[in-house]
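> Here's a sequence, model it:
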Amino acid sequence: MLDTLGRVIIFFGFIALGVLLVRFKRLTAHGLDGLSAYFYWLAFPCWLMVSFARLPHFSPALAGTLAAYAGAMIATAAIVIALTRVFKGRADESIAAGMAAFINNSAFLGIPITINLFGPDVAHTGALVVAVDFLILFSLGCAGLAKASGKTFRDALLHTGRNPTVIGALVGVLLMLTGLHFPPAVEGALDILGKSGPPVALVTLGGMLALMPAADLVRPDATSIIAIAGKILLAPACVALVLWGLKADPMTFKVCVFLSATPTAVSVFIQTKMYGLWFHGAAKTVAQSTLISLFTLSALALVLTHG
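A predicted model of the protein is given here:
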């Protein structure tokens, strides 16, 4: 509980800095666009490349479990998209909400807490789950955003293939699979860029929230409610059901379920902003799902560590 609380407080501390910078007119909408571009084009791709390249060689024994995890998360997104359409959500907003429901904050929030809960031996499995999140699921989400923004199916695939986050994840995974590494000086430079990404993204999120009318931040809307419920409730339920049916290794089961229950990743907000789709809703979803997860992750941690 205390570990979760501490990390969420830090998360919101960076958001608060973004709010203050906008309130004191030290950061403008144009400045937020620049910070978004920095995270999108440089920081997060570098973090993915370095992080995945440092992983030990992939164990084929985990392939089936990771595929089942990905399938459960995709099913979650599909259900959220369908529900938002039932409640008269626009098609493009529904796609963005589906992405918000299946892209986890597994890297920056989930992995440290998971290691604290289950021990350092789970770091490898957790990192592979993050690789699935940001190579497979993230690519699907970006393809959906590109299609929803008006591109043809072919153009959406091409646009996704040029997405720097997708490229960064792919390069990192290829390095992991081949056992190759960046030269130390290059890896050090990429690592510095990568570590700057999360604070920049969170400050940008805070700035965007500060530009929104205060009433909009607390006013419930069907699309955001469904996305949040899908992310922190439906996703872990789907993953647990699928992995239980496959009789997955107990520790792998716990890691996958816990990471799937983490809130919406801030990178979803950055991507929706870059595509110009539902980014106000995404900003609210990231912030609210993170706050709610303080309680849901703590409860889930108790269940998984005493079950």
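
> Quick check, central residue of the chain?
What sits nearest the mean C-alpha location of the chain, by C-alpha atoms, centre = their mean, is A265, with 2.9 Å.

> Now do that residue, the pLDDT please.
Listed pLDDT for A265 reads 94.

> For G197, see how far away it is.
As for A265, its distance to G197 is 11 Å (criterion: C-beta to C-beta, to the nearest Å). Using the backbone N, CA and C atoms, a C-beta is placed for each residue, glycine as well.

> Give me the below-cutoff pLDDT ranges for the stretch 51-200 of the chain.
The stretch 51-200 of the chain contains no residues with pLDDT under 70.

> one more time with 90, if that's ok
Scanning the stretch 51-200 of the chain for pLDDT under 90 picks out 54-62, 107-113, 115-117, 121, 123-124, 127, 153, 177, 179.

> show me where it has strands.
Using DSSP state E, counting those that start in this stretch, the stretch 51-200 of the chain contains no strands.

> Run the chain-centre distance for the lengthiest helix in the chain.
Longest helix of the chain, by residue count under DSSP state H: helix 279-306. Remark: helix 279-306 is offset 12 Å from the chain centroid, using C-alpha atoms, centre = their mean, to the nearest Å.

> again with stretch 220-232
Stretch 220-232 has its C-alpha centroid displaced from the chain centroid by 15 Å (C-alpha atoms, centre = their mean).

> ok, residues contacting that stretch?
Outside of stretch 220-232, the residues within contact range by C-beta atoms under 8 Å, 6 or more residues apart in numbering are 76-77, 79-80, 83-84, 87-89, 93-94, 97-98, 100-102, 104, 261, 263-264, 278, 281, 284-285, 288-289, 292-293, 296.

> same deal with stretch 299-307?
M1, T4, I113, L117, F118, P236, K254, V257, F258, A261.

> now swap in stretch 283-295 and tell me
With C-beta under 8 Å, 6+ apart, stretch 283-295 has contacts from 4-5, 8, 11-12, 15, 97, 100, 105, 109, 205, 208-209, 212, 216-217, 224, 227-228, 231-232, 261-266, 268-269.

> Give me the buried subset of these.
4, 8, 11-12, 15, 97, 100, 105, 109, 205, 208-209, 224, 227-228, 231-232, 261-266, 268-269 (16 or more other C-beta atoms under 10 Å).

> So L243 sits against A67, correct?
No: counting by C-beta atoms under 8 Å, A67 is not a contact partner of L243; they are 11.0 Å apart.

> So which of these two has more stuff around it?
Neighbours were counted for L243 and for A67 using other C-beta atoms under 10 Å; L243 has more, 22 against 14.

> wait, what's in contact with the more buried one?
Residues counted as contacts of L243 (C-beta under 8 Å, 6+ apart) are T65, A68, Y69, A72, T252, F253, C256, V257.

> just V242 next, same as before
A68, Y69, G71, A72.

> ok, 7 Å please
V242 makes contact with A68, G71, A72, according to C-beta atoms under 7 Å, 6 or more residues apart in numbering.

> what's around the second one, how many residues?
It refers to G71. 13.

> residues in contact with stretch 103-118?
In contact with stretch 103-118 (C-beta under 7 Å, 6+ apart) are residues 3-4, 7, 11, 122-123, 126-127, 129-130, 133, 137-138, 141, 198, 251, 254-255, 258-260, 262-268, 297, 301, 305.

> Can you go through the residues you listed and name the buried ones?
Using 16+ other C-beta under 10 Å, the buried members of the contacts of stretch 103-118 are 4, 7, 11, 122-123, 126-127, 129-130, 133, 137-138, 141, 198, 254-255, 258-260, 262-268, 297, 301.
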